[in-house]
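In: Sequence first, then the predicted structure, then my questions.
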Amino acid sequence: MDIVKRLTTSKYATPLGEVFKTLRWTLASYYLLSGFFMLLFLIGYVWWPLVEEYFSYFNPEVSYWKQIDWLLIGNFLFMSIMIMANANLRNDLPILMIGMVGGLAIEGWGTQTELWTYYTFERPPLWIIPAWPIASLSIDRLYRLLNLIFQRIPDKLFRWLYWVTFAFFYALMIAFVWPTRTKSLTILAILMVGLLIYALRNQRGAVLTFFAGSGLGYFLELWGTTRLCWNYYTFEVPPLFAVLAHGMAAVSFWWGLNLYRRVSRKFWGKSTLKI
């Protein structure tokens with residue numbers, strides 16, 4: 001019996017074995033990775049002028065190793081590995097769809113109110129939307145890992161951490177979006193986030209999802225703002241709100257996933273998701 005099987009069978013169950021089970025690859029993993037690469041190819045093909053513009057910045061007089069965008073490569077490699085972890089198409093397709101729709105709504109709000117702008121000045125650029133479902137799937141995997149790692153921590157601590165974390169974020173959000181407070185999209189965003197924070201009951205899941213989304217969001221925002229792919233009106237690289245907003249977005253998508261789970265159980269007698 002090989003070491004992976006020993007670690008993942010119930011007879012030899014250990015915390016490390018549970019991590020192996022969470023990160024294992026399935027047949028669906030290769031389908032997802034193939035779809036990811038096909039998506040990158042389509043984006044490059046449809047928006048080829050942007051690709052040409054990107055490569056035009058390479059200076060032949062400087063070593064190419066110094067000009068390679070290692071942060072971009074690292075982000076893509078990490079998300080590629082994450083989406084392959086314990087993949088299940090039945091479970092993952094709703095996550096992708098919710099991430100796509102939610103990402104479009106968020107980008108529409110931010111670019112229409114000019115809280116942030118892209119270097120192409122599109123409002124929003126369609127080529128950035130596919131990044132949201134991929135990030136959502138990666139955050140789902142991170143959430144599962146965090147839930148496994150912190151499973152022994154009592155719910156009481158998470159309830160306390162929930163209100164501290166989300167009260168801080170809500171105050172930070174209001175301060176950040178204040179210049180656009182009269183715009184209908186911003187008013188709607190503030191109301192929806194406030195209602196979501198008040199209504200959530202699974203506070204452990206919300207906190208873990210928030211930190212998973214914020215963790216990944218930091219590296220995505222660091223790349224985007226330092227490469228001037230997008231800029232916030234504050235010109236921070238990146239602003240704290242933008243990083244934590246990825247966590248809040250992840251929580252809203254996670255709530256949507258739970259809603260889908262309840263609806264599917266009601267109409268089909270069982271849930272097609274495991275959260």
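Out: Everything's here; your move.

In: which other helices and strands contact the helix or strand that contains Ile81?
Out: Taking DSSP states H and E as the definition, Ile81 sits inside helix 70-84. Judged by 3 or more C-beta pairs under 8 Å, 6 or more residues apart in numbering; DSSP states H and E, helix 70-84 is in contact with helix 27-46, helix 131-149, helix 203-226. (Glycine included, C-beta is placed from N, CA and C.)

In: Contacts for that helix, please.
Out: Residues from elsewhere that reach helix 70-84 (C-beta atoms under 8 Å, 6 or more residues apart in numbering): 25, 29-30, 32-33, 36, 92, 134-135, 137-138, 141-142, 216, 219-220, 222-223, 226-227.

In: Could you tell me which of the residues you listed count as buried?
Out: 29, 32-33, 36, 92, 134-135, 137-138, 141-142, 216, 219-220, 222-223 (16 or more other C-beta atoms under 10 Å).

In: quick one: which two of those residues are the most distant?
Out: Pairwise distances across those peak at 27.3 Å for Ser29 and Leu222 (criterion: C-beta to C-beta).

In: Report the contact partners of Thr111.
Out: Neighbour list for Thr111: 117-118, 122-125 [criterion: C-beta under 8 Å, 6+ apart].

In: which of those residues has the most neighbours?
Out: Pro124 (22 neighbours; other C-beta atoms under 10 Å).

In: picking up where we left off before, where among the helices and strands packed on helix 70-84 is average confidence lowest?
Out: Note on these: helix 27-46 shows the lowest mean pLDDT, a mean of 84.

In: What are the boundaries of the strands in the stretch 51-200 of the chain?
Out: Remark: strands assigned in the stretch 51-200 of the chain by DSSP state E, counting those that start in this stretch are 116-118.

In: Buried ones in stretch 198-211, by neighbour count?
Out: For stretch 198-211, a neighbour-count test (16+ other C-beta under 10 Å) marks 200, 202-211 as buried.

In: just stretch 43-60 next, same as before
Out: Neighbour count says stretch 43-60 has Ile43 buried, by 16+ other C-beta under 10 Å.

In: got the CA positions of it in CSV?
Out: Presented in CSV, the C-alpha positions along stretch 43-60 are these (Å, rounded to 0.1, in the frame of the first residue of the first chain):
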residue,chain,number,x,y,z
ILE,A,43,-8.8,35.4,-24.5
GLY,A,44,-5.5,35.8,-26.3
TYR,A,45,-7.0,35.1,-29.7
VAL,A,46,-10.0,37.5,-29.3
TRP,A,47,-8.0,40.3,-27.7
TRP,A,48,-4.7,39.7,-29.6
PRO,A,49,-3.9,43.4,-29.8
LEU,A,50,-3.6,43.5,-26.0
VAL,A,51,-1.2,40.5,-26.1
GLU,A,52,0.9,42.3,-28.7
GLU,A,53,0.9,45.4,-26.6
TYR,A,54,2.1,43.5,-23.6
PHE,A,55,5.0,41.9,-25.5
SER,A,56,6.0,45.2,-27.0
TYR,A,57,7.3,46.3,-23.6
PHE,A,58,10.0,43.7,-23.7
ASN,A,59,13.4,45.3,-24.2
PRO,A,60,15.8,43.1,-26.2
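
In: What are the contacting residues of that stretch?
Out: 64, 67, 120, 127, 130.

In: quick revisit: keeping just the C-alphas, turn the helix holding Ile81 into CSV.
Out: The C-alpha coordinates for helix 70-84 follow below in CSV (Å, rounded to 0.1, in the frame of the first residue of the first chain):
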residue,chain,number,x,y,z
TRP,A,70,7.0,36.0,-12.1
LEU,A,71,4.1,37.3,-10.1
LEU,A,72,1.7,36.7,-12.9
ILE,A,73,3.1,33.3,-13.6
GLY,A,74,2.9,32.5,-9.8
ASN,A,75,-0.7,33.5,-9.7
PHE,A,76,-1.6,31.4,-12.7
LEU,A,77,0.3,28.4,-11.4
PHE,A,78,-1.3,28.6,-8.0
MET,A,79,-4.8,28.9,-9.4
SER,A,80,-4.2,26.1,-11.8
ILE,A,81,-3.1,23.8,-9.0
MET,A,82,-6.0,24.8,-6.8
ILE,A,83,-8.8,24.3,-9.4
MET,A,84,-7.5,20.8,-10.0
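
In: Many thanks, we can stop here.
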